[in-house]
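K.L.:
Give me coordinates for this.
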Amino acid sequence: MEKVTTASIREMKGRGERIVMISTYDHLTAKMVDEAGVDIILVGDSLANVILGHQDTLSVTMDEMIHHTKAVSRAAKRALVVGDMPFMSYQASAEDAIKNAGRFLKEGRAQAVKVEGGRGVMKKVEAIVQSGIPVMGHLGLTPQWVHQFGGLKVRGKTAAAARAILEDAKMLEQAGVFSLVLECVPWQLAKFITEKLEIPTIGCGAGFHCDGQVLVLHDIVGLTGTTPKFVKRYADIGGTMRKAIKDFRNDVKTGKFPTLEHSYEMPASEVKELARARKRKRRG
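P.N.:
From the prediction side, this is the model:
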């Protein structure tokens, strides 16, 4: 089983082979994703919302991201593991960017990092790449910029906004990113960017013309609540889990669980010996 690399991801675009990326955050689910043949596992900063219960992605820390990236990396035998750089882990300085990106590779055992933003973080992206750390870019709806954009909205809906995103995409390619996530942009813009760039694009609510697609595992299997328009659910694991939990609760409350089937047993001779020992103790 050959390990997927940043080079092989770029080669997939040249062959016209679609790239599959899934976001997940723990060893158990990462093992399932890897065994299914997914090309890239993203340990997304959506860890904040999906696993840790925050309202947005801004609260998750580097230590939390590294902790979960370690778990995923131990499971991924084939897939390329990408660590998502959290808010303020790279924005302040190129030095911070290099140091924190390096932690994902050195401690988290990821093979690349993902950085949100365009021209505003370009120098940091260049610094990370020049330090020998592969970078995946991310344009369009960038959740870490939620307060600057005034909410989680589709980006690039006007010609002027689309041109700005296209310019940022070209700049990121020149800075050395090996691939680019396009989140919540019109499919026409995603098609145009995909055709203009030599690096692969990975869509998340960006239509079918991208070179690949990414979704959060918990969304596609029904473990989360309301999902965005661009998510397709492939199972209702959440519904199955909720029923199982209720059934367990009811069985315990009514005495249906556990039964002898779920209990361990002593040999009859040992039970008798225990009873005799108890009688002797009482007499003494």
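K.L.:
my read: Arg109 touches Ala71, true?
P.N.:
No: under the criterion of C-beta atoms under 8 Å, Arg109 is not in contact with Ala71, lying 10.0 Å apart. Where C-beta positions appear, they are placed from N, C-alpha and C, glycine not excepted.
K.L.:
any common contacting residues for those two?
P.N.:
In the contact map built from C-beta atoms under 8 Å, 6 or more residues apart in numbering, no residue is linked to both Arg109 and Ala71.
K.L.:
For my notes, confirm Phe87 occurs in a strand.
P.N.:
No: assignment of Phe87 by DSSP: H, G, I helix; E, B strand; the rest coil gives coil, placing it outside any strand.
K.L.:
Let me know whether it touches Thr57 as I believe.
P.N.:
Yes: assessed by C-beta under 8 Å, Phe87 is found in contact with Thr57 at 6.7 Å.
K.L.:
Find residues that contact each of the two.
P.N.:
45, 144.
K.L.:
in this structure, which spans are helices?
P.N.:
Ranges of helices within the chain are 6-15, 27-35, 47-50, 62-75, 94-106, 122-130, 146-149, 159-175, 187-196, 217-220, 237-254, 268-283, based on DSSP state H.
K.L.:
Same list, those helices, but as a markdown table with distance to Gly205, mean neighbour count and mean pLDDT please.
P.N.:
Supplementary listing: the helices of the chain in a markdown table, determined by distance: least, C-beta to C-beta, whole Å; neighbours: other C-beta atoms under 10 Å; pLDDT from 0 to 100:
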| stretch | distance to Gly205 | mean neighbour count | mean pLDDT |
| --- | --- | --- | --- |
| helix 6-15 | 20 | 15 | 98 |
| helix 27-35 | 20 | 18 | 98 |
| helix 47-50 | 16 | 21 | 96 |
| helix 62-75 | 23 | 20 | 98 |
| helix 94-106 | 25 | 19 | 98 |
| helix 122-130 | 23 | 20 | 98 |
| helix 146-149 | 15 | 11 | 76 |
| helix 159-175 | 14 | 17 | 98 |
| helix 187-196 | 9 | 19 | 98 |
| helix 217-220 | 11 | 21 | 97 |
| helix 237-254 | 21 | 11 | 98 |
| helix 268-283 | 64 | 9 | 88 |
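K.L.:
tell me the contacts of Arg109?
P.N.:
Contacts of Arg109 were listed using C-beta under 8 Å, 6+ apart, and they are 69-70, 73-74, 81.
K.L.:
so who does Gln130 touch?
P.N.:
For Gln130, the contacting residues are Gly176, taking C-beta under 8 Å, 6+ apart as the criterion.
K.L.:
quick revisit: would JSON lines of the helices of the chain with distance to Thr226 be doable?
P.N.:
As requested, these are arranged in JSON lines below (distance: least, C-beta to C-beta, whole Å):
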{"stretch": "helix 6-15", "distance to Thr226": "31"}
{"stretch": "helix 27-35", "distance to Thr226": "21"}
{"stretch": "helix 47-50", "distance to Thr226": "12"}
{"stretch": "helix 62-75", "distance to Thr226": "24"}
{"stretch": "helix 94-106", "distance to Thr226": "30"}
{"stretch": "helix 122-130", "distance to Thr226": "33"}
{"stretch": "helix 146-149", "distance to Thr226": "17"}
{"stretch": "helix 159-175", "distance to Thr226": "26"}
{"stretch": "helix 187-196", "distance to Thr226": "22"}
{"stretch": "helix 217-220", "distance to Thr226": "10"}
{"stretch": "helix 237-254", "distance to Thr226": "12"}
{"stretch": "helix 268-283", "distance to Thr226": "55"}
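K.L.:
closest to Met136 out of these?
P.N.:
Distances from Met136 to each of these were compared using C-beta to C-beta; the minimum, 8.5 Å, belongs to helix 6-15.
K.L.:
how big is the angle separating the closest one from helix 187-196?
P.N.:
Angle of helix 6-15 versus helix 187-196, following axes from the mean of the first three to the mean of the last three C-alpha atoms, to 10 degrees, is 100 degrees.
K.L.:
Which elements pack onto helix 6-15?
P.N.:
Taking 3 or more C-beta pairs under 8 Å, 6 or more residues apart in numbering; DSSP states H and E as the contact definition, the neighbouring helices and strands of helix 6-15 are strand 19-23, strand 179-183.
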